[in-house]
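Asks: Here is a sequence together with a model predicted from it:
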Amino acid sequence: MSATEASRSFAALLDAAANGESVVITRDGRRIALLGPAAASNGTEFLSLLAGDAIDDRFAKDVARARDTATLGGPAWPVYRWQAGQK
């Protein structure tokens, strides 16, 4: 299906994907996208990965540091001497 046709019938494409169909979308005769059904998942695979032994200790520590830094209660950004006007 051409990109122009896809844009004109997007709702129909979504209906086709919901029914398990996949459609190749082309532009100037070249394949540019594949629209199809999304994989069904409830996060079980991701949770089992996190609970398993596949994550090494260094990676787990990196994830914990990133999480702690991203939360509002995380450590404050450091103030460097040059920012405070000191030499």
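Replies: Structure received.

Asks: When you work out contacts or count neighbours from here on, use the C-alpha atoms and nothing else.
Replies: Noted.

Asks: which residues in the chain form strands?
Replies: 23-27, 30-35 (DSSP state E).

Asks: buried stuff in the longest one?
Replies: I take that to be strand 30-35. In terms of neighbour count (16 or more other Cα atoms under 10 Å), strand 30-35 has no buried residues at all.

Asks: Listing partners with orientation, what would you give for that strand?
Replies: Strand 30-35 has the following sheet partners, assigned by DSSP bridges: strand 23-27 (antiparallel).

Asks: What's the mean pLDDT across the strand it pairs with?
Replies: The predicted model assigns strand 23-27 a mean pLDDT of 95.

Asks: Would you mind checking which helix or strand in the protein has the lowest mean pLDDT?
Replies: Lowest by mean pLDDT, DSSP states H and E among the helices and strands of the chain is helix 44-51, with a mean of 74.

Asks: OK, contacts around D28?
Replies: Residues counted as contacts of D28 (Cα atoms under 8 Å, 6 or more residues apart in numbering) are S2.

Asks: Mind doing that once more with 10 Å?
Replies: Counting by Cα atoms under 10 Å, 6 or more residues apart in numbering, D28 touches 2-3.

Asks: Spell out, range by range, the helices that occur in this structure.
Replies: Per DSSP state H, the chain carries helices over the ranges 3-8, 10-18, 44-51, 57-70.
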